[in-house]
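Trainee: With the input below, show me the fold.
(chains A, B, C and D)
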Protein chains: 2
Amino acid sequence: MKTEPRTATRKWGPGLHPARDETPKTLAGRVAQQLRRDIIRHRFEPGERLQFEKLSKVYAVGTSPLREALFQVAAQGLVVAEDHKGFFVAPIQFDEMLDVSNLRANLETYAIRGAIREGREEWEVDLIAAFHRLKRAGLAVAEDQEDDDLRTEWEDRHRAFHYALCKGCGSPWLLHFFDELYDHMERYRRYFWKYAERAVAADSEHEAIMKAALDRDEESAASLLQAHFEKQARLTMNLRKRVEKATVAAG
Amino acid sequence: MKTEPRTATRKWGPGLHPARDETPKTLAGRVAQQLRRDIIRHRFEPGERLQFEKLSKVYAVGTSPLREALFQVAAQGLVVAEDHKGFFVAPIQFDEMLDVSNLRANLETYAIRGAIREGREEWEVDLIAAFHRLKRAGLAVAEDQEDDDLRTEWEDRHRAFHYALCKGCGSPWLLHFFDELYDHMERYRRYFWKYAERAVAADSEHEAIMKAALDRDEESAASLLQAHFEKQARLTMNLRKRVEKATVAAG
DNA sequence: ATTGTCAATATTTTCGAAAATCTCTTTTTG
DNA sequence: CAAAAAGAGATTTTCGAAAATATTGACAAT
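Mentor: Next comes the predicted model:
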C-alpha cells in the first residue's frame, strides 16, 4: 500500500470559513479576514479598483496570498472579480440591499421556526445572554450617539443576537448563508450611518421577538421578526433620496 | 487629476461566478469549473486528499491557478480547506444532505411564490420550455436506464427546470444560493445512482408544480413543491442503510 | 510496552520574476 | 475628419523555486 489516505478532520458543513472567530494560520486567510472587515467598514470606496501593487503594500503580502484572499472574499460577493481586468469592491446598490434584506427575512423566520421547535436549553440561555448584551450596548449608544466604537460594539452584538436566534435551528448551511448575508447587510447599514439620525430604537422589537421565541410561540415570533425586517427596510429606504443627493453632490 | 477610477462593469449581485455557462478566461477559473464538475460527478472520492503535485498533473497547471481554483470551490463547500494541511474533497454526509434538501425546499418555495406574484411572460415561456425538455429527457432515461450520458442530460435539464421555476422571483441572491445548493444536491443524487433503482418517476410532480405556477396559484404551487422535496428526501433516506452497508463492505 | 524527542522527508505556502492580457495614446488609412 | 490599426505602458496572471510548516519514522527514556 502506498499512502493511507488521510481525510479531512473537520466534520462537515459549508465552506472553509474558519468559524468567524478563529485566526487563520496562513497569510492568505488573514488577509481575507482583514479585507472583508475593511470593505464592510468602508475603508474602501464602493466600486473601487483593488490593485495588487497597492494592496500588497497595505497588507504587506506578496501577490499569491493576496490573490487567494481576493478570491475568498469575491466568492462572498464583497469583491467582484473580472478576468484579466482585476478586482473591485462591490458596489452599493439599493436594489441589492432590498434583496439581501428580503432574503434574510425569509431565512431567519425559517430558522427561528426551526429553533423554536428544536432548540434546547442551551439555545435559550445563549439567546437571553445575547439580548442582554445587545440591550446594554444600545443604552451606551443612546448616551453618546457620535462614538463610532460604541456603535461598532452594538453592531457586533446585534449580529450575535440575530445569530443566537437562528442558531437553535441546527442547520449549518442556513447559518452559513446567514453569515454571508449579514456581512452585506452590515456594510449597508454602516453606509447609512453617515446619513441617518443616530438612533437605536429597535431594542423593544428585539425583546418582543426573543420573548415569543422563548415562549415557543412559532407564529408570533416569525411574524414579529418579519415585521422587524420590513420596518428596518422601510426606514432605510426613506433615506435613499437623501443619500443619493449627498453622493451626487460629493461626486 | 491622477487616475479616473475605473469601476466594475458587472452590475451587481453576489460573487464572481461567471454565470454558469460563460467560459472563464483565466486558468484558475477554468480549473475551478472542472474541479467543481469532477467533484460533483465523483471523479474523486469523498474526503479524498487533493494534493498539488497530483492535481497539477491532472489539470496541467501550476500551483498558483490551482490554488486559486481550490479556494473558489472551497468557498462553495465542495472542497474543504485546512490551513497548512491541504485541501480535501467534501465528505458525503447524510445529515448534510438532509440539511441541503430542507433548505432548498424553503428557498425554492419562497422563490416560486415570488415568481408567481411577479414573473412575467418570459418566465412562463421559459418554464414551459424547460419542462418540455425535462420530460423528453425523462422518457429517454426510462428507455435505457443504464446509459449514464442520458442520465446526465436529464440531470442538467432537471436543474434547468427548477431554476426556471425560481428565476421569475427576481432575486439574484436567492438564485446564487440555489446554484450552490443544487451543486451539492446533484452530487448526492449522483452518489445514490450507484445504488438506487434507476427510475425517473417525478415528472408528473414536476408537471403539477408547473401547472399550478402558470395558474398563478401560489398556495398549490408552494405546497406541491414542498411535498416534492419531502418525497425525494424520504426516498433517498430509504437508501441510506443500503448505501452504508455497501460502503462499509467496500472499505 | 508506551510515551516523548528529534531528525528526515513530504507538502503546503509564499515570494519574485516572466508571460500574457488589457488600456490608452498615437499613427495610419479611407 | 472619422475610424481602424499599431505600439507603448500598465496590470493581471502564471510559473518555478525558496521558505515555512506538517508528518513520519527511528531511537531513547520511563
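Trainee: got the residues of the stretch 1-150 of chain A near DNA strand D?
Mentor: A:4, A:6, A:25, A:49-53, A:63-64, A:67, A:81-87 (CB under 7 Å from any atom of the strand). Using the backbone N, CA and C atoms, a C-beta is placed for each residue, glycine as well.
Trainee: So which of these reach chain B?
Mentor: Among those, the residues lying close to chain B (CB under 8 Å from any CB of the partner chain) are A:Arg6, A:Lys25, A:Arg49, A:Ser64, A:Arg67, A:Ala81, A:Glu82, A:Asp83, A:His84, A:Lys85.
Trainee: filter the residues you listed to the buried ones?
Mentor: A:Arg49, A:Arg67, A:Ala81 (16 or more other CB atoms under 10 Å in any protein chain shown).
Trainee: nearest to A:Leu214, of those residues?
Mentor: A:Ala81 (43.6 Å; CB to CB).
Trainee: Which positions in chain A make contact with DNA strand C?
Mentor: Going by CB under 7 Å from any atom of the strand, the residues of chain A near DNA strand C are A:3, A:26-28, A:61-65, A:68, A:83-85.
Trainee: would a markdown table of those with pLDDT and secondary structure be doable?
Mentor: Listed next are these as a markdown table, based on pLDDT from 0 to 100; DSSP: H, G, I helix; E, B strand; the rest coil:
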| residue | pLDDT | secondary structure |
| --- | --- | --- |
| A:Thr3 | 36 | coil |
| A:Thr26 | 96 | coil |
| A:Leu27 | 97 | helix |
| A:Ala28 | 97 | helix |
| A:Val61 | 97 | coil |
| A:Gly62 | 97 | coil |
| A:Thr63 | 97 | helix |
| A:Ser64 | 98 | helix |
| A:Pro65 | 98 | helix |
| A:Glu68 | 98 | helix |
| A:Asp83 | 95 | coil |
| A:His84 | 96 | coil |
| A:Lys85 | 96 | coil |
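Trainee: of all those residues, which comes closest to B:Pro91?
Mentor: A:Thr3 (18.4 Å).
Trainee: circling back to that earlier point, of the ones next to chain B among the residues of the stretch 1-150 of chain A next to DNA strand D, closest to A:Leu214?
Mentor: Distances from A:Leu214 to those, taken by CB to CB, are shortest for A:Lys25, at 38.8 Å.
Trainee: which non-adjacent residue is nearest the closest one?
Mentor: Of all residues not flanking A:Lys25 in the chain, B:Asp83 sits nearest, at 3.9 Å (CB to CB, 6 or more residues apart in numbering or on different chains).
Trainee: From A:Asp148, how far off is A:Leu35?
Mentor: Per CB to CB, to the nearest Å, A:Leu35 is found 20 Å from A:Asp148.
Trainee: brain fart, A:Ile116
Mentor: 35 Å.
Trainee: And A:Asp144, its phi and psi?
Mentor: The phi and psi torsions at A:Asp144 (degrees, to the nearest 10) take the values phi -130, psi 90.
Trainee: That one contacts A:Trp154, doesn't it?
Mentor: No. Using CB atoms under 8 Å, A:Asp144 and A:Trp154 do not qualify as a contacting pair, with a distance of 11.3 Å.
Trainee: Settle it for me: which of the two has more neighbours?
Mentor: Taking neighbours as other CB atoms under 10 Å in any protein chain shown, A:Asp144 and A:Trp154 compare with A:Trp154 leading, 21 against 11.
Trainee: which ones are touching that one?
Mentor: Contact partners of A:Trp154, counting by CB atoms under 8 Å, 6 or more residues apart in numbering or on different chains, are A:Leu134, A:Ala137, A:Gly138, A:Ala140, A:Val141, A:Val200.
Trainee: Which of those ranks first by neighbour count?
Mentor: A:Leu134 (26 neighbours).
Trainee: need the contact list for that residue.
Mentor: Applying CB under 8 Å, 6+ apart, the residues contacting A:Leu134 are A:Trp154, A:Arg157, A:His158, A:Ala160, A:Phe161, A:Asp203, A:His206.
Trainee: That one: which element?
Mentor: Element membership of A:Leu134, judged by DSSP states H and E, is helix A:121-143.
Trainee: Tell me the helix or strand right after that helix.
Mentor: helix A:148-167.
Trainee: The helix or strand that that following helix is followed by close to chain B?
Mentor: Sequence order places helix A:172-193 as the next helix or strand after helix A:148-167, per DSSP H and E. Yes. For helix A:172-193, a contact with chain B is found by CB under 8 Å from any CB, at A:Pro172, A:Trp173, A:Leu174, A:His176, A:Phe177, A:Glu180, A:Leu181.
Trainee: Identify each buried residue in the helix holding A:Leu134, please.
Mentor: Buried, per 16+ other CB under 10 Å, within helix A:121-143: A:123-124, A:126-127, A:130-131, A:133-135, A:137-138, A:140-141.
Trainee: Same check on stretch A:144-152?
Mentor: A:Leu150, A:Arg151.
Trainee: Then A:Gly47 would be within a helix, right?
Mentor: No. If the criterion is DSSP: H, G, I helix; E, B strand; the rest coil, then A:Gly47 is coil and not within a helix.
Trainee: neighbours around it, how many?
Mentor: A:Gly47 has 16 nearby residues by other CB under 10 Å.
Trainee: what do you get for A:Thr236?
Mentor: Residues near A:Thr236, counting by other CB under 10 Å: 20.
Trainee: give the contact list for it.
Mentor: A:Met97, A:Ser101, A:Tyr188, A:Arg189, A:Phe192.
Trainee: My guess is A:Tyr163 contacts A:Phe178. True?
Mentor: Yes. Contact criterion CB under 8 Å: A:Tyr163 and A:Phe178 qualify, at 6.6 Å.
Trainee: between those two, which one's more packed in?
Mentor: Per other CB under 10 Å, whichever of A:Tyr163 and A:Phe178 has more neighbours is A:Phe178, with 22 against 19.
Trainee: tell me the contacts of that one?
Mentor: With contact set as CB under 8 Å, 6+ apart, A:Phe178 has these partners: A:Arg104, A:Leu107, A:Glu108, A:Ala111, A:His162, A:Tyr163, A:Cys166.
Trainee: Give the helix, strand or coil label for the first one.
Mentor: So the one you mean is A:Arg104. helix.
Trainee: cool, the third one as well?
Mentor: At A:Glu108, secondary structure determined by three-state DSSP is helix.
Trainee: Now do the buried residues in the helix or strand containing A:His206.
Mentor: If you go by DSSP H and E, A:His206 is part of helix A:203-214. Buried residues in helix A:203-214, counted by 16+ other CB under 10 Å: A:Asp203, A:Glu205, A:His206, A:Ala208, A:Ile209, A:Met210, A:Ala212, A:Ala213, A:Leu214.
Trainee: Could you tell me how many residues sit around the residue in the stretch 51-200 of chain A that DNA strand C sits nearest to?
Mentor: When scored by CB to the nearest atom of the strand, the stretch 51-200 of chain A has A:Gly62 as its residue closest to DNA strand C, at 2.8 Å. For A:Gly62, the neighbour count with other CB under 10 Å is 11.
Trainee: Which pLDDT does the model give the nearest residue to it once chain neighbours are set aside?
Mentor: Of all residues not flanking A:Gly62 in the chain, A:Ser56 sits nearest, at 6.7 Å (CB to CB, 6+ apart). A:Ser56 carries a pLDDT value of 97.
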